[in-house]
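Novice: could you work out the structure for the sequence below:
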Amino acid sequence: MNNLLLKLKRFLGNKNTITILGVIAGVAVLLFGYSYRVKQAVNPVSIPYALARMQPKSKVELENVGTIKVSGAFVDQTADLVTTMQYMQNTEWYVNYDTVIPNGGLFYKSQLVTKDKIPDTFFDDIPEGATVFSLGVDSHSTYANSIMPDNYIDLYIRATDETGKVIFGKFIESIKVLAVRDSGGNDVFADSQAIRSSSELIFAVKNDFFMILSEANFVGGIQIIPVPRNKAYRVEGEDEGTRVSREVLVNFIMEKVSELSDEINIDEIIQGSTPSTTVDENNNNNE
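Specialist: I've put the predicted structure just below:
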């Protein structure tokens, strides 16, 4: 037994033996790595793909998503590629606003966004009895672009009365901002690398609020000023949340506009003549 151990020790201590064993180990590592890469490239994996053409801003319906087998090496080299059905199923995805996914196309993470990242989808959630209002603003009136979507604001009015005195006060309070757009209609906060200035605040208010806001917006000499509130500011309840703060301001605006009557004859406005019944009577008399 001792002789055997001694011979083994001498064998392993031989420089030629160490060299040979090193070469064998190196070849084994190369063969294993090569075999792994070949196996990875040859063995296909299943990834999601589109069964139908998907337009920008459209919802990705799972019934339009299938799986296709591609090379494992291709999947490994494409970090942005969606590689599992679980990724598609775990989130409600929409096609990005600047993207079209063709029939048979693969899905890439940069092409898919959640609903809140799609411009103008807030229109889908406008409550019944409400109307979208766009308030013209600039960088100064938005506190250097500090008013953002989901912020709550109050609206103040500044005007001058018949005596030349300044009228200033809170008009409507607790309004949720839905979107902020620049002069080109782009989302001011959609791209952190783009420098954009706020040009309009978009929010929804009840129809009667919309009418009085529109009238205030059209009357010359009246300025509507947005004032942001802190994150905790909110009056509980949908109906009691947004409300007119000072009725005197409403009366001030209403004094400057004329209400349309439902009894006004449309023919009179279009033709500038007497009602159509009178016209018919005159025609009959002429005959």
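
Novice: quick one: buried residues of the longest strand along the chain?
Specialist: Assignment by DSSP state E gives strand 166-181 as the longest strand of the chain. Judged by neighbour count using 16 or more other Cβ atoms under 10 Å, the buried positions of strand 166-181 are 171, 172, 173, 174, 175, 176, 177, 178, 179, 180, 181. (C-beta placed from N, C-alpha, C; glycine too.)

Novice: cool, and stretch 132-149?
Specialist: 133, 135, 137, 141, 142, 145, 147, 149.

Novice: can you pull out the helices in the stretch 1-150 of the chain?
Specialist: Ranges of helices in the stretch 1-150 of the chain, per DSSP state H, counting those that start in this stretch, are 2-13, 15-42, 72-77, 85-90.

Novice: picking up where we left off before, most widely separated two among the buried residues of stretch 132-149?
Specialist: Between any two of the buried residues of stretch 132-149, the greatest separation by Cβ to Cβ is 19.8 Å, found for 133 and 145.

Novice: related to what we said a few turns ago, between the buried residues of strand 166-181, which is closest to residue 54?
Specialist: Nearest to residue 54 among these, counting by Cβ to Cβ, is residue 179 at 23.5 Å.

Novice: right, and the closest one touches residue 151 too?
Specialist: No: using Cβ atoms under 8 Å, residue 179 makes no contact with residue 151, being 11.1 Å away.

Novice: so where's the protein uncertain?
Specialist: Within the chain, the ranges that satisfy pLDDT under 70 run 1-18, 20-23, 32-42, 73, 76-78, 119-122, 190-194, 231-246, 258-287.

Novice: and it, what are its domains?
Specialist: By the assignment in automatic domain parsing, the chain contains the domains 44-117, 124-254.

Novice: need these in JSON lines with distance to residue 28, can you?
Specialist: As requested, the domains of the chain are exported to JSON lines (distance: least, Cβ to Cβ, whole Å):
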{"stretch": "domain 44-117", "distance to residue 28": "23"}
{"stretch": "domain 124-254", "distance to residue 28": "50"}
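
Novice: out of the ones you listed, flag the one nearest residue 26.
Specialist: Nearest of these to residue 26, taken as Cβ to Cβ: domain 44-117 at 24.0 Å.

Novice: and the strands in the stretch 51-200 of the chain?
Specialist: Secondary structure of the stretch 51-200 of the chain by DSSP state E, counting those that start in this stretch: the strands cover 65-71, 94-95, 112-113, 130-136, 152-160, 166-181, 200-206.

Novice: list the buried residues in the first one.
Specialist: By that I understand strand 65-71. Buried, per 16+ other Cβ under 10 Å, within strand 65-71: 65, 70.

Novice: may I have it exported as CSV, CA atoms only?
Specialist: Only the C-alpha atoms of strand 65-71 are listed here, as CSV (Å, rounded to 0.1, in the frame of the first residue of the first chain):
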residue,chain,number,x,y,z
VAL,A,65,-50.6,37.0,-28.2
GLY,A,66,-49.1,33.6,-29.1
THR,A,67,-45.7,31.9,-28.6
ILE,A,68,-43.0,31.1,-31.1
LYS,A,69,-39.8,29.1,-30.8
VAL,A,70,-36.5,31.0,-31.5
SER,A,71,-32.8,30.3,-31.0
